[in-house]
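Student: this is a predicted model, with the sequence first.
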Amino acid sequence: MEILNDREIALKQKARKSVLIASRRTDMPTFYVRELIKGLKEGRFYPQTMMQPMWELKFEPQDIPSVALWSQDFGKWIERRHEIADLGYKFWYRFTILPDDPFANPKPPLSKNNSNN
């Protein structure tokens, strides 16, 4: 598994710092809040795309100027965000509002009643 550091990624992009973004497709604040909080505490995520092998992203909270979260439902995140309040992350949020239509809003990756969150 390849291990990348956020500083290395920023340098490749000719940037000083990296911004962490959890996309709408994943909806981590709703379906993976436990993993999101764990990753922010540990300074480590394992992003995986359909076309690339799994890799590890390592970072220090002070090196991340902001974390962007994209979701349809921030309820679980709001209940648990206090767990990382002392780490100094700054957050910005994007809400997605879609009609209650399976074509426009396909099934989520996990049930909202998943006990892992």
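Tutor: Right, received. Where do you want to start? Numbering: from 1, shown residues only.
Student: is it true that Phe59 touches Asn5?
Tutor: Yes: if you go by C-beta atoms under 8 Å, Phe59 and Asn5 touch, sitting 7.0 Å apart. Glycine gets a C-beta too; all of them are placed from N, C-alpha and C.
Student: now do the helices in this protein.
Tutor: Applying DSSP state H to the chain gives helices spanning 6-12, 28-31, 33-42, 75-80.
Student: I'd say Ser66 and Tyr93 touch.
Tutor: No: look at Ser66 against Tyr93 with C-beta under 8 Å: they stay out of range, at 10.8 Å.
Student: give me the beta-bridge partners of the closest residue to Asp27 other than its chain neighbours?
Tutor: Leaving aside its sequence neighbours, Asp27 sits nearest to Ser71 (C-beta to C-beta, 6 or more residues apart in numbering; 5.2 Å). With DSSP bridges as the criterion, Ser71 is bridged to Phe95.
Student: what's the neighbour count on Ser71?
Tutor: Residues near Ser71, counting by other C-beta atoms under 10 Å, number 22.
Student: do the same with Ile64
Tutor: Using other C-beta under 10 Å, Ile64 has 19 other residues around it.
Student: can you check Arg81 too?
Tutor: Look at Arg81: counted by other C-beta under 10 Å, it has 18 neighbours.
Student: OK, contacts around it?
Tutor: Phe91 (C-beta atoms under 8 Å, 6 or more residues apart in numbering).
Student: so Tyr89 versus Asp101, what's the distance?
Tutor: Counting by C-beta to C-beta, to the nearest Å, the separation of Tyr89 from Asp101 is 34 Å.
Student: between these two, who's got more neighbours?
Tutor: Neighbour count, other C-beta under 10 Å: between Tyr89 and Asp101, Tyr89 has more, with 16 against 8.
Student: for that one, phi and psi?
Tutor: phi -70, psi 150 (degrees, to the nearest 10).
Student: what sits against it?
Tutor: When contacts are counted by C-beta under 8 Å, 6+ apart, Tyr89 touches 40, 61, 64, 66-67.
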